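Participant: have a look at this prediction, sequence included:
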Amino acid sequence: AGPPVRPHLVRLAETDHALVLTVHHAVCDGWSFGVILSELAALYSAGIAGRRADLPAAPSFAAHARAGDGQGPDDRTLGYWRDVLDPVPDLPDLPTDRPRGATRGFRADSLTVALDAGAVDAAAAHAARAGCTRFGVFCAALQVLVWKLSGSRDAVLGVPVAGQALADRAGLVGHAVRFLPLRAPLDPSDRVADHLARVGHAQSGLISHADSTLGALLPGLAVPRIPGRLPLTEILITHEKMPAALRFGSATGRILTGPKAGLTQDLQFALTETEDALVLDLHYATDLFDGPTMRVWAEMFARILAEFGADPARRLSDLSILPAGTEDRLLETAVSGAPETDPRPLLASVAAQARRRPQAVALRDGCTTVTYGELWRRVEALAAHLQAKRPDGAGPYVAVAVSRGVRLPETLLAVLHAGLAYLPLDPEAPAPRLAEMAARAGARLAVVDGPADWAGPDMAVLSPDDAPQARYQPLERHHAGAHQSLGQI
(Lines give C-alpha, C1' and ligand atoms only; values in the text may rest on other atoms or scores of the structure.)
Protein backbone atom coordinates (compact mmCIF):
# COMPACT_ATOMS: atom_id res chain seq x y z
CA ALA A 1 0.00 0.00 0.00
CA GLY A 2 2.88 2.36 0.68
CA PRO A 3 3.00 5.48 2.86
CA PRO A 4 -0.18 7.60 3.16
CA VAL A 5 1.79 10.77 2.25
CA ARG A 6 3.90 10.79 -0.94
CA PRO A 7 5.73 13.99 -1.93
CA HIS A 8 7.67 14.25 -5.20
CA LEU A 9 9.61 17.31 -6.32
CA VAL A 10 9.82 17.55 -10.12
CA ARG A 11 12.27 19.93 -11.75
CA LEU A 12 10.64 21.40 -14.85
CA ALA A 13 13.23 24.08 -15.57
CA GLU A 14 16.02 25.99 -13.82
CA THR A 15 13.55 28.16 -11.90
CA ASP A 16 10.37 26.11 -12.31
CA HIS A 17 9.53 23.17 -10.07
CA ALA A 18 6.41 21.18 -9.20
CA LEU A 19 5.80 19.65 -5.80
CA VAL A 20 3.42 16.73 -6.33
CA LEU A 21 1.80 15.96 -3.00
CA THR A 22 -0.33 12.81 -2.89
CA VAL A 23 -2.07 12.20 0.43
CA HIS A 24 -4.52 9.43 1.34
CA HIS A 25 -7.91 10.80 2.32
CA ALA A 26 -7.76 8.76 5.54
CA VAL A 27 -5.13 11.14 6.93
CA CYS A 28 -6.01 14.43 5.26
CA ASP A 29 -9.08 16.39 4.16
CA GLY A 30 -9.56 19.57 2.14
CA TRP A 31 -9.24 21.86 5.16
CA SER A 32 -6.00 20.09 6.13
CA PHE A 33 -4.47 20.71 2.71
CA GLY A 34 -4.84 24.43 3.28
CA VAL A 35 -3.08 24.13 6.63
CA ILE A 36 -0.28 21.97 5.22
CA LEU A 37 0.45 24.25 2.27
CA SER A 38 0.37 27.49 4.23
CA GLU A 39 2.66 26.06 6.93
CA LEU A 40 4.96 24.54 4.31
CA ALA A 41 5.31 27.96 2.68
CA ALA A 42 6.02 29.53 6.08
CA LEU A 43 8.66 26.89 6.93
CA TYR A 44 10.35 27.25 3.53
CA SER A 45 10.40 31.05 3.73
CA ALA A 46 11.78 30.96 7.27
CA GLY A 47 14.43 28.42 6.29
CA ILE A 48 15.60 30.58 3.36
CA ALA A 49 15.82 33.57 5.70
CA GLY A 50 17.66 31.59 8.38
CA ARG A 51 15.02 32.04 11.06
CA ARG A 52 12.40 30.00 12.86
CA ALA A 53 8.93 29.86 11.34
CA ASP A 54 7.32 30.45 14.74
CA LEU A 55 4.29 28.32 13.90
CA PRO A 56 1.73 27.51 16.61
CA ALA A 57 1.83 24.05 18.15
CA ALA A 58 0.03 21.47 16.01
CA PRO A 59 -3.21 20.18 17.56
CA SER A 60 -3.20 16.44 18.23
CA PHE A 61 -5.40 14.54 15.80
CA ALA A 62 -5.16 11.48 18.06
CA ALA A 63 -6.68 13.49 20.92
CA HIS A 64 -9.36 14.81 18.56
CA ALA A 65 -10.20 11.27 17.42
CA ARG A 66 -10.27 9.89 20.96
CA ALA A 67 -12.63 12.65 22.06
CA GLY A 68 -15.20 11.39 19.57
CA ASP A 69 -14.36 7.69 19.74
CA GLY A 70 -17.44 5.50 20.05
CA GLN A 71 -19.83 8.46 20.13
CA GLY A 72 -22.78 7.92 17.82
CA PRO A 73 -25.53 10.45 17.21
CA ASP A 74 -27.59 11.28 20.29
CA ASP A 75 -31.37 10.94 20.35
CA ARG A 76 -31.88 14.60 19.47
CA THR A 77 -29.67 14.38 16.40
CA LEU A 78 -31.07 11.06 15.25
CA GLY A 79 -34.62 12.30 15.75
CA TYR A 80 -33.90 15.37 13.65
CA TRP A 81 -32.47 13.38 10.76
CA ARG A 82 -35.29 10.84 10.91
CA ASP A 83 -37.77 13.69 10.48
CA VAL A 84 -35.76 15.27 7.64
CA LEU A 85 -35.40 11.98 5.75
CA ASP A 86 -38.95 10.68 6.25
CA PRO A 87 -39.86 9.36 3.79
CA VAL A 88 -36.47 8.43 2.38
CA PRO A 89 -36.31 9.81 -1.19
CA ASP A 90 -35.39 7.64 -4.14
CA LEU A 91 -31.96 8.05 -5.68
CA PRO A 92 -32.08 10.21 -8.82
CA ASP A 93 -31.87 8.19 -12.00
CA LEU A 94 -29.33 10.27 -13.91
CA PRO A 95 -28.73 9.39 -17.57
CA THR A 96 -25.49 7.42 -17.85
CA ASP A 97 -23.25 6.65 -20.82
CA ARG A 98 -23.19 2.98 -19.80
CA PRO A 99 -25.65 0.85 -17.82
CA ARG A 100 -25.03 0.32 -14.14
CA GLY A 101 -23.63 -3.01 -13.09
CA ALA A 102 -24.74 -5.14 -10.16
CA THR A 103 -21.59 -4.11 -8.29
CA ARG A 104 -19.92 -0.72 -8.03
CA GLY A 105 -16.65 0.18 -9.63
CA PHE A 106 -14.32 2.84 -8.28
CA ARG A 107 -12.43 4.00 -11.37
CA ALA A 108 -12.66 7.73 -11.90
CA ASP A 109 -11.44 10.69 -13.87
CA SER A 110 -11.75 14.46 -13.59
CA LEU A 111 -12.15 17.57 -15.67
CA THR A 112 -11.63 21.19 -14.72
CA VAL A 113 -13.81 24.09 -15.83
CA ALA A 114 -13.42 27.79 -14.97
CA LEU A 115 -16.67 29.37 -13.78
CA ASP A 116 -17.83 32.98 -13.97
CA ALA A 117 -17.10 34.35 -10.49
CA GLY A 118 -19.08 37.50 -11.28
CA ALA A 119 -22.25 35.52 -11.96
CA VAL A 120 -21.76 33.63 -8.70
CA ASP A 121 -21.22 36.92 -6.83
CA ALA A 122 -24.57 38.16 -8.15
CA ALA A 123 -26.30 34.92 -7.21
CA ALA A 124 -24.68 34.99 -3.74
CA ALA A 125 -25.99 38.52 -3.17
CA HIS A 126 -29.54 37.33 -3.93
CA ALA A 127 -28.96 34.26 -1.76
CA ALA A 128 -27.83 36.33 1.22
CA ARG A 129 -31.14 38.20 1.16
CA ALA A 130 -32.89 34.80 1.17
CA GLY A 131 -30.83 33.52 4.12
CA CYS A 132 -28.63 31.26 2.03
CA THR A 133 -24.82 31.05 1.93
CA ARG A 134 -22.50 31.15 -1.07
CA PHE A 135 -22.02 27.40 -0.74
CA GLY A 136 -25.79 27.08 -0.67
CA VAL A 137 -25.93 28.71 -4.12
CA PHE A 138 -23.77 25.90 -5.51
CA CYS A 139 -25.93 23.27 -3.79
CA ALA A 140 -29.15 24.82 -5.11
CA ALA A 141 -27.75 24.98 -8.65
CA LEU A 142 -26.67 21.34 -8.49
CA GLN A 143 -30.14 20.30 -7.31
CA VAL A 144 -31.68 22.09 -10.28
CA LEU A 145 -29.22 20.38 -12.63
CA VAL A 146 -30.06 16.94 -11.19
CA TRP A 147 -33.77 17.70 -11.53
CA LYS A 148 -33.44 18.86 -15.13
CA LEU A 149 -31.42 15.76 -16.05
CA SER A 150 -33.31 13.10 -14.11
CA GLY A 151 -36.71 14.51 -13.21
CA SER A 152 -35.96 14.06 -9.49
CA ARG A 153 -37.23 17.01 -7.45
CA ASP A 154 -35.91 15.55 -4.20
CA ALA A 155 -32.24 14.68 -4.69
CA VAL A 156 -30.15 14.45 -1.53
CA LEU A 157 -26.60 15.82 -1.78
CA GLY A 158 -23.65 14.82 0.36
CA VAL A 159 -22.09 17.99 1.79
CA PRO A 160 -19.00 18.37 4.00
CA VAL A 161 -18.82 19.92 7.44
CA ALA A 162 -15.28 20.72 8.63
CA GLY A 163 -14.60 19.00 11.92
CA GLN A 164 -11.86 21.59 12.56
CA ALA A 165 -14.43 24.38 12.62
CA LEU A 166 -16.80 22.42 14.85
CA ALA A 167 -13.99 21.62 17.32
CA ASP A 168 -12.47 25.13 17.10
CA ARG A 169 -9.12 23.67 16.03
CA ALA A 170 -8.26 25.60 12.88
CA GLY A 171 -4.75 24.12 12.66
CA LEU A 172 -5.83 20.47 12.94
CA VAL A 173 -4.53 18.18 10.19
CA GLY A 174 -6.25 14.85 9.53
CA HIS A 175 -9.48 13.42 8.24
CA ALA A 176 -11.88 15.46 10.32
CA VAL A 177 -14.49 16.22 7.66
CA ARG A 178 -18.04 14.99 8.19
CA PHE A 179 -20.33 14.37 5.25
CA LEU A 180 -24.01 14.87 5.93
CA PRO A 181 -27.14 14.72 3.75
CA LEU A 182 -28.58 18.00 2.47
CA ARG A 183 -32.24 17.61 1.58
CA ALA A 184 -34.18 20.55 0.16
CA PRO A 185 -36.92 19.37 -2.26
CA LEU A 186 -37.61 21.81 -5.07
CA ASP A 187 -40.87 22.88 -6.62
CA PRO A 188 -40.62 23.80 -10.33
CA SER A 189 -43.15 26.61 -9.76
CA ASP A 190 -40.94 28.24 -7.09
CA ARG A 191 -38.87 31.29 -7.84
CA VAL A 192 -35.09 31.05 -7.63
CA ALA A 193 -35.19 33.11 -4.42
CA ASP A 194 -37.69 30.65 -2.89
CA HIS A 195 -35.46 27.68 -3.59
CA LEU A 196 -32.39 29.47 -2.25
CA ALA A 197 -34.31 30.18 0.95
CA ARG A 198 -35.29 26.52 1.24
CA VAL A 199 -31.67 25.42 0.76
CA GLY A 200 -30.54 28.00 3.32
CA HIS A 201 -33.01 26.63 5.86
CA ALA A 202 -31.81 23.07 5.20
CA GLN A 203 -28.19 24.21 5.62
CA SER A 204 -28.98 25.84 8.95
CA GLY A 205 -30.59 22.65 10.26
CA LEU A 206 -27.68 20.56 9.01
CA ILE A 207 -25.08 22.70 10.79
CA SER A 208 -27.13 22.63 14.00
CA HIS A 209 -27.18 18.82 13.91
CA ALA A 210 -23.68 18.11 12.61
CA ASP A 211 -22.50 16.06 15.59
CA SER A 212 -22.61 12.91 13.46
CA THR A 213 -21.69 11.61 10.00
CA LEU A 214 -23.69 10.16 7.15
CA GLY A 215 -22.25 6.72 7.86
CA ALA A 216 -23.23 6.90 11.52
CA LEU A 217 -26.78 7.98 10.66
CA LEU A 218 -27.57 5.18 8.20
CA PRO A 219 -27.98 2.35 10.75
CA GLY A 220 -30.72 4.34 12.49
CA LEU A 221 -32.57 5.21 9.30
CA ALA A 222 -34.76 3.00 7.14
CA VAL A 223 -32.74 3.55 3.98
CA PRO A 224 -33.42 0.95 1.27
CA ARG A 225 -30.35 -0.79 -0.16
CA ILE A 226 -30.06 -1.37 -3.90
CA PRO A 227 -27.33 -3.59 -5.39
CA GLY A 228 -24.69 -1.50 -7.10
CA ARG A 229 -25.98 1.75 -5.57
CA LEU A 230 -25.00 3.79 -2.52
CA PRO A 231 -27.55 4.52 0.19
CA LEU A 232 -29.28 7.92 0.19
CA THR A 233 -26.89 9.89 -2.06
CA GLU A 234 -24.28 9.29 -4.76
CA ILE A 235 -23.44 12.95 -5.39
CA LEU A 236 -21.02 15.02 -3.31
CA ILE A 237 -20.43 18.74 -3.51
CA THR A 238 -17.53 20.53 -1.82
CA HIS A 239 -16.34 24.13 -1.63
CA GLU A 240 -12.82 25.19 -0.67
CA LYS A 241 -11.20 28.61 -0.47
CA MET A 242 -7.50 28.67 -1.30
CA PRO A 243 -4.96 31.45 -1.77
CA ALA A 244 -4.25 32.20 -5.41
CA ALA A 245 -0.54 31.97 -4.69
CA LEU A 246 1.82 31.19 -1.81
CA ARG A 247 5.16 32.83 -1.18
CA PHE A 248 8.06 30.40 -0.80
CA GLY A 249 10.78 32.94 -0.03
CA SER A 250 11.32 34.79 -3.30
CA ALA A 251 9.46 32.11 -5.26
CA THR A 252 5.74 32.07 -5.95
CA GLY A 253 3.75 28.87 -5.68
CA ARG A 254 0.43 28.17 -7.41
CA ILE A 255 -1.94 25.52 -6.09
CA LEU A 256 -3.28 23.07 -8.68
CA THR A 257 -5.49 20.06 -8.02
CA GLY A 258 -4.83 16.75 -9.74
CA PRO A 259 -7.35 14.40 -11.34
CA LYS A 260 -8.83 11.59 -9.29
CA ALA A 261 -8.18 8.00 -10.31
CA GLY A 262 -10.70 6.60 -7.82
CA LEU A 263 -14.06 7.72 -6.49
CA THR A 264 -16.54 6.15 -4.10
CA GLN A 265 -19.49 8.19 -5.36
CA ASP A 266 -20.86 8.65 -8.87
CA LEU A 267 -20.10 12.37 -8.99
CA GLN A 268 -18.26 15.00 -6.98
CA PHE A 269 -18.61 18.68 -7.78
CA ALA A 270 -15.51 20.18 -6.14
CA LEU A 271 -15.48 23.98 -6.24
CA THR A 272 -12.34 25.92 -5.38
CA GLU A 273 -12.19 29.69 -5.02
CA THR A 274 -9.16 31.95 -4.89
CA GLU A 275 -8.97 35.73 -4.80
CA ASP A 276 -9.20 35.91 -8.58
CA ALA A 277 -10.73 32.67 -9.87
CA LEU A 278 -13.48 30.11 -9.38
CA VAL A 279 -12.87 26.59 -10.64
CA LEU A 280 -15.03 23.47 -10.82
CA ASP A 281 -13.25 20.14 -10.66
CA LEU A 282 -15.84 17.59 -11.72
CA HIS A 283 -14.83 14.09 -10.62
CA TYR A 284 -16.85 11.25 -12.12
CA ALA A 285 -17.10 7.46 -12.14
CA THR A 286 -15.78 6.27 -15.50
CA ASP A 287 -17.81 3.06 -15.30
CA LEU A 288 -20.86 5.26 -15.83
CA PHE A 289 -19.84 8.50 -17.50
CA ASP A 290 -17.62 9.77 -20.30
CA GLY A 291 -15.64 13.00 -20.32
CA PRO A 292 -17.64 14.75 -23.09
CA THR A 293 -20.87 14.14 -21.19
CA MET A 294 -19.37 15.56 -18.02
CA ARG A 295 -18.12 18.65 -19.84
CA VAL A 296 -21.65 19.34 -21.08
CA TRP A 297 -22.99 18.90 -17.54
CA ALA A 298 -20.35 21.30 -16.21
CA GLU A 299 -21.46 23.86 -18.81
CA MET A 300 -25.08 23.31 -17.75
CA PHE A 301 -24.11 23.86 -14.11
CA ALA A 302 -22.43 27.14 -15.10
CA ARG A 303 -25.54 28.20 -17.03
CA ILE A 304 -27.77 27.61 -13.99
CA LEU A 305 -25.47 29.72 -11.79
CA ALA A 306 -25.67 32.51 -14.36
CA GLU A 307 -29.47 32.24 -14.43
CA PHE A 308 -29.55 32.43 -10.62
CA GLY A 309 -27.54 35.64 -10.69
CA ALA A 310 -29.50 37.24 -13.52
CA ASP A 311 -33.01 37.09 -12.04
CA PRO A 312 -33.95 35.63 -8.63
CA ALA A 313 -37.64 36.11 -9.46
CA ARG A 314 -37.57 33.59 -12.32
CA ARG A 315 -39.35 30.32 -11.77
CA LEU A 316 -37.24 27.18 -11.72
CA SER A 317 -39.33 25.72 -14.52
CA ASP A 318 -38.28 28.63 -16.75
CA LEU A 319 -34.54 28.18 -16.21
CA SER A 320 -32.49 26.89 -19.11
CA ILE A 321 -29.61 24.48 -18.71
CA LEU A 322 -28.53 24.58 -22.33
CA PRO A 323 -25.09 26.08 -22.94
CA ALA A 324 -25.03 29.51 -24.56
CA GLY A 325 -25.95 29.42 -28.24
CA THR A 326 -27.56 25.98 -28.12
CA GLU A 327 -31.12 27.32 -27.86
CA ASP A 328 -30.63 29.51 -30.94
CA ARG A 329 -29.34 26.55 -32.94
CA LEU A 330 -32.31 24.41 -31.89
CA LEU A 331 -34.76 27.16 -32.77
CA GLU A 332 -33.15 27.58 -36.17
CA THR A 333 -33.53 23.85 -36.78
CA ALA A 334 -37.17 23.93 -35.69
CA VAL A 335 -37.99 26.92 -37.91
CA SER A 336 -36.19 25.58 -40.97
CA GLY A 337 -37.87 22.21 -40.54
CA ALA A 338 -36.22 18.87 -39.97
CA PRO A 339 -36.37 16.30 -42.77
CA GLU A 340 -39.11 13.70 -42.43
CA THR A 341 -37.71 10.46 -41.04
CA ASP A 342 -38.94 6.92 -40.76
CA PRO A 343 -40.46 6.30 -37.30
CA ARG A 344 -38.54 3.05 -36.79
CA PRO A 345 -35.42 4.72 -35.25
CA LEU A 346 -37.61 5.97 -32.39
CA LEU A 347 -38.79 2.43 -31.70
CA ALA A 348 -35.24 1.15 -31.91
CA SER A 349 -34.11 3.78 -29.41
CA VAL A 350 -36.85 2.86 -26.92
CA ALA A 351 -36.11 -0.85 -27.32
CA ALA A 352 -32.38 -0.27 -26.83
CA GLN A 353 -33.01 1.74 -23.67
CA ALA A 354 -35.28 -1.01 -22.37
CA ARG A 355 -32.42 -3.48 -22.81
CA ARG A 356 -29.76 -1.18 -21.32
CA ARG A 357 -31.68 0.29 -18.40
CA PRO A 358 -34.94 -1.59 -17.87
CA GLN A 359 -35.46 -0.05 -14.41
CA ALA A 360 -35.03 3.55 -15.59
CA VAL A 361 -38.18 5.66 -15.49
CA ALA A 362 -39.59 6.20 -18.97
CA LEU A 363 -43.02 7.71 -18.29
CA ARG A 364 -44.56 9.43 -15.31
CA ASP A 365 -47.88 11.16 -14.78
CA GLY A 366 -49.61 12.28 -11.61
CA CYS A 367 -50.21 8.80 -10.24
CA THR A 368 -48.35 6.29 -12.40
CA THR A 369 -44.69 5.56 -13.14
CA VAL A 370 -43.60 3.23 -15.95
CA THR A 371 -40.05 1.95 -16.45
CA TYR A 372 -38.50 1.37 -19.85
CA GLY A 373 -38.73 -2.39 -19.33
CA GLU A 374 -42.46 -2.17 -18.53
CA LEU A 375 -43.05 0.27 -21.36
CA TRP A 376 -41.51 -1.98 -24.00
CA ARG A 377 -43.37 -5.06 -22.75
CA ARG A 378 -46.68 -3.17 -22.99
CA VAL A 379 -45.80 -1.76 -26.41
CA GLU A 380 -45.03 -5.23 -27.76
CA ALA A 381 -48.18 -6.72 -26.25
CA LEU A 382 -50.46 -3.99 -27.59
CA ALA A 383 -48.77 -4.08 -31.01
CA ALA A 384 -49.45 -7.82 -31.22
CA HIS A 385 -53.05 -7.21 -30.15
CA LEU A 386 -53.49 -4.58 -32.86
CA GLN A 387 -52.14 -6.98 -35.46
CA ALA A 388 -54.47 -9.74 -34.30
CA LYS A 389 -57.63 -7.57 -34.17
CA ARG A 390 -57.07 -5.53 -37.32
CA PRO A 391 -59.98 -6.24 -39.70
CA ASP A 392 -59.19 -7.90 -43.00
CA GLY A 393 -58.65 -5.42 -45.78
CA ALA A 394 -58.34 -2.48 -43.39
CA GLY A 395 -55.99 0.37 -44.24
CA PRO A 396 -53.02 1.39 -42.14
CA TYR A 397 -54.77 3.96 -39.95
CA VAL A 398 -55.62 3.46 -36.26
CA ALA A 399 -57.84 6.01 -34.53
CA VAL A 400 -56.38 6.74 -31.06
CA ALA A 401 -58.72 8.42 -28.57
CA VAL A 402 -56.76 7.99 -25.34
CA SER A 403 -56.57 10.54 -22.51
CA ARG A 404 -53.31 12.23 -21.68
CA GLY A 405 -51.24 10.04 -19.38
CA VAL A 406 -48.81 7.14 -19.61
CA ARG A 407 -51.21 5.08 -21.75
CA LEU A 408 -51.17 7.60 -24.60
CA PRO A 409 -47.44 7.35 -25.53
CA GLU A 410 -47.63 3.60 -24.95
CA THR A 411 -50.46 3.36 -27.47
CA LEU A 412 -48.79 5.57 -30.07
CA LEU A 413 -45.58 3.55 -29.88
CA ALA A 414 -47.55 0.31 -30.16
CA VAL A 415 -49.30 1.53 -33.30
CA LEU A 416 -45.97 2.33 -34.92
CA HIS A 417 -44.49 -0.96 -33.73
CA ALA A 418 -47.38 -2.78 -35.43
CA GLY A 419 -46.39 -1.17 -38.72
CA LEU A 420 -49.43 1.13 -38.77
CA ALA A 421 -50.12 4.88 -38.57
CA TYR A 422 -52.08 6.63 -35.84
CA LEU A 423 -54.82 9.24 -36.14
CA PRO A 424 -54.79 11.14 -32.79
CA LEU A 425 -58.28 12.12 -31.63
CA ASP A 426 -59.34 14.22 -28.65
CA PRO A 427 -61.48 11.96 -26.41
CA GLU A 428 -63.39 15.07 -25.23
CA ALA A 429 -64.48 16.06 -28.75
CA PRO A 430 -68.14 15.53 -29.74
CA ALA A 431 -68.91 12.01 -30.95
CA PRO A 432 -70.07 13.12 -34.43
CA ARG A 433 -66.80 14.96 -34.95
CA LEU A 434 -64.77 11.89 -33.94
CA ALA A 435 -66.84 9.66 -36.21
CA GLU A 436 -66.36 12.04 -39.16
CA MET A 437 -62.56 12.21 -38.70
CA ALA A 438 -62.24 8.42 -38.39
CA ALA A 439 -64.44 7.85 -41.45
CA ARG A 440 -62.55 10.37 -43.61
CA ALA A 441 -59.25 8.65 -42.70
CA GLY A 442 -60.72 5.24 -43.44
CA ALA A 443 -59.80 3.99 -39.96
CA ARG A 444 -61.34 0.62 -39.12
CA LEU A 445 -59.36 0.05 -35.94
CA ALA A 446 -59.50 2.22 -32.83
CA VAL A 447 -57.86 2.32 -29.39
CA VAL A 448 -59.90 4.15 -26.75
CA ASP A 449 -59.91 4.47 -22.98
CA GLY A 450 -63.44 5.90 -22.76
CA PRO A 451 -66.78 5.78 -24.57
CA ALA A 452 -66.63 4.58 -28.18
CA ASP A 453 -70.18 5.42 -29.27
CA TRP A 454 -68.71 7.30 -32.21
CA ALA A 455 -67.14 4.13 -33.70
CA GLY A 456 -68.86 2.68 -36.75
CA PRO A 457 -70.21 -0.90 -36.91
CA ASP A 458 -67.30 -2.12 -39.02
CA MET A 459 -64.65 -0.70 -36.66
CA ALA A 460 -62.74 -2.93 -34.21
CA VAL A 461 -62.36 -1.10 -30.86
CA LEU A 462 -59.61 -1.95 -28.36
CA SER A 463 -58.54 -0.63 -24.97
CA PRO A 464 -54.87 0.05 -24.16
CA ASP A 465 -55.30 -2.10 -21.03
CA ASP A 466 -56.80 -5.28 -22.52
CA ALA A 467 -53.84 -6.44 -24.61
CA PRO A 468 -52.87 -10.06 -23.86
CA GLN A 469 -49.21 -11.07 -23.80
CA ALA A 470 -49.30 -12.02 -27.46
CA ARG A 471 -46.18 -12.36 -29.55
CA TYR A 472 -45.41 -9.49 -31.89
CA GLN A 473 -45.09 -10.41 -35.56
CA PRO A 474 -43.51 -7.92 -38.00
CA LEU A 475 -45.93 -6.73 -40.69
CA GLU A 476 -45.34 -5.71 -44.29
CA ARG A 477 -45.89 -1.99 -44.76
CA HIS A 478 -49.20 -1.07 -46.36
CA HIS A 479 -49.41 1.30 -49.30
CA ALA A 480 -45.63 1.55 -49.27
CA GLY A 481 -45.50 4.24 -51.92
CA ALA A 482 -47.87 6.60 -50.14
CA HIS A 483 -47.11 5.93 -46.49
CA GLN A 484 -43.48 4.84 -46.33
CA SER A 485 -42.63 7.48 -43.72
CA LEU A 486 -46.08 8.21 -42.37
CA GLY A 487 -46.36 7.71 -38.62
CA GLN A 488 -49.37 9.88 -37.94
CA ILE A 489 -51.94 11.90 -39.86
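Facilitator: That came through fine. The structure presented is a predicted model; accordingly, all values stated were derived computationally and were not measured.
Participant: burial measure for F248, as a count.
Facilitator: 18 (other C-beta atoms under 10 Å). (Each C-beta comes from the backbone N, C-alpha and C, glycine too.)
Participant: so who does it touch?
Facilitator: Contact partners of F248, counting by C-beta atoms under 8 Å, 6 or more residues apart in numbering, are 41, 44-45, 48.
Participant: pLDDT below threshold where in the protein?
Facilitator: 1, 68-72, 324-325, 327-344, 366-367, 468-489 (pLDDT under 70).
Participant: middle-most residue in it, spatially?
Facilitator: The centroid of the chain falls nearest to V146 when counting by C-alpha atoms, centre = their mean (3.1 Å).
Participant: tell me the phi and psi of that residue?
Facilitator: The phi and psi values for V146, taken as degrees, to the nearest 10, are phi -60, psi -40.
Participant: is it true that it touches L94?
Facilitator: Yes. Contact between V146 and L94 holds when scored by C-beta atoms under 8 Å: they sit 6.9 Å apart.
Participant: can you show me the helices along the stretch 201-350 of the chain?
Facilitator: 214-217, 291-310, 326-336, 344-356 (DSSP state H, counting those that start in this stretch).
Participant: quick one: closest of the ones you listed to V120.
Facilitator: Closest to V120 of the helices of the stretch 201-350 of the chain is helix 291-310 (C-beta to C-beta; 5.6 Å).
Participant: can you pull out the strands in the stretch 351-489 of the chain?
Facilitator: Taking DSSP state E, counting those that start in this stretch as the criterion, the stretch 351-489 of the chain carries its strands at 361-364, 369-371, 397-401, 421-424, 445-448, 460-462.
Participant: including distance to A348, could these go into CSV?
Facilitator: Listed next are those as CSV, based on distance: least, C-beta to C-beta, whole Å:
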stretch, distance to A348
strand 361-364, 15
strand 369-371, 18
strand 397-401, 20
strand 421-424, 18
strand 445-448, 22
strand 460-462, 25
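Participant: looking at those strands, which is closest to H385?
Facilitator: Here strand 460-462 is closest among the strands of the stretch 351-489 of the chain (C-beta to C-beta), at 6.3 Å.
Participant: in that closest one, what counts as buried?
Facilitator: For strand 460-462, a neighbour-count test (16 or more other C-beta atoms under 10 Å) marks 460, 462 as buried.
Participant: quick one on the thing from earlier: most neighbours, which of the contacts of F248?
Facilitator: The most crowded member of these, judged by other C-beta under 10 Å, is A41 (20 neighbours).
Participant: which secondary structure element contains that residue?
Facilitator: Following DSSP states H and E, one finds A41 within helix 30-49.
Participant: give me the contacts around the helix or strand that comes right after that helix.
Facilitator: Once the chain leaves helix 30-49, the next helix or strand it forms, by DSSP H and E, is helix 61-67. Residues outside helix 61-67 that contact it (C-beta under 8 Å, 6+ apart) are 163, 167, 169, 172-174, 176.
Participant: which parts of helix 61-67 are buried?
Facilitator: Those would be 61, 64, for helix 61-67 by 16+ other C-beta under 10 Å.
Participant: any idea how far that helix is from the chain center?
Facilitator: Between the centre of helix 61-67 and the centre of its chain there are 37 Å (C-alpha atoms, centre = their mean, to the nearest Å).
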